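>>> next input, structure requested:
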Amino acid sequence: MDQQENLESLHIRLAELRMEHRDLDEIISQLHANPYQNQLQLQRLKKRKLRLKDMIKRIESLLIPDMDA
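Alright, predicted model coming up:
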């Protein structure tokens with residue numbers, strides 16, 4: 001796999017992670033609106049959302065070109 005293909009796959013993965021992060025945000029908002037929400041499920045979704053955020057940041061940092069100081 002050449003560098004261009006690697007960059008393209010990173011951009012695709014980044015888009016997928018951002019979409020999943022947005023979806024989780026909507027689900028979490030809906031669960032907050034429900035007074036009978038499942039706290040354990042809500043906690044797990046929030047942890048998953050944080051992991052996704054970390055993965056997004058990691059990929060974003062890989063896509064930033066190195067600059068000489």
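
>>> let me know the pLDDT of the closest residue to L52 other than its chain neighbours.
Using Cβ to Cβ, 6 or more residues apart in numbering and skipping residues adjacent in sequence, the residue nearest L52 is H21, 4.6 Å away. From N, CA and C alone the C-beta is placed, and that goes for glycine too. As predicted, H21 sits at a pLDDT of 98.

>>> can you check which helix is longest in this protein?
For the chain, the helix with the greatest residue count under DSSP state H is helix 3-33.

>>> sorry, back to before: who touches the residue nearest to L52 in this structure?
H21 sits next to K49, L52, K53, I56 when contact means Cβ atoms under 8 Å, 6 or more residues apart in numbering.

>>> show residues contacting stretch 54-61.
L10, R13, L14, L17, R18, H21.

>>> separation between the residue nearest the centre of the chain and L24?
Nearest to the mean C-alpha position of the chain, by Cα atoms, centre = their mean, lies L52 at 3.2 Å. The gap separating L52 from L24 is 7 Å, by Cβ to Cβ, to the nearest Å.

>>> also E5?
29 Å.

>>> equivalent analysis for L62, please.
Distance from L62 to L24, by Cβ to Cβ: 22 Å.

>>> correct me if wrong: the residue nearest to the centre of the chain contacts D23.
No. Counting by Cβ atoms under 8 Å, D23 is not a contact partner of L52; they are 9.8 Å apart.

>>> surely L62 touches L10?
Yes. Between L62 and L10 there is a contact under Cβ under 8 Å: 6.1 Å.

>>> many thanks, we can stop here.
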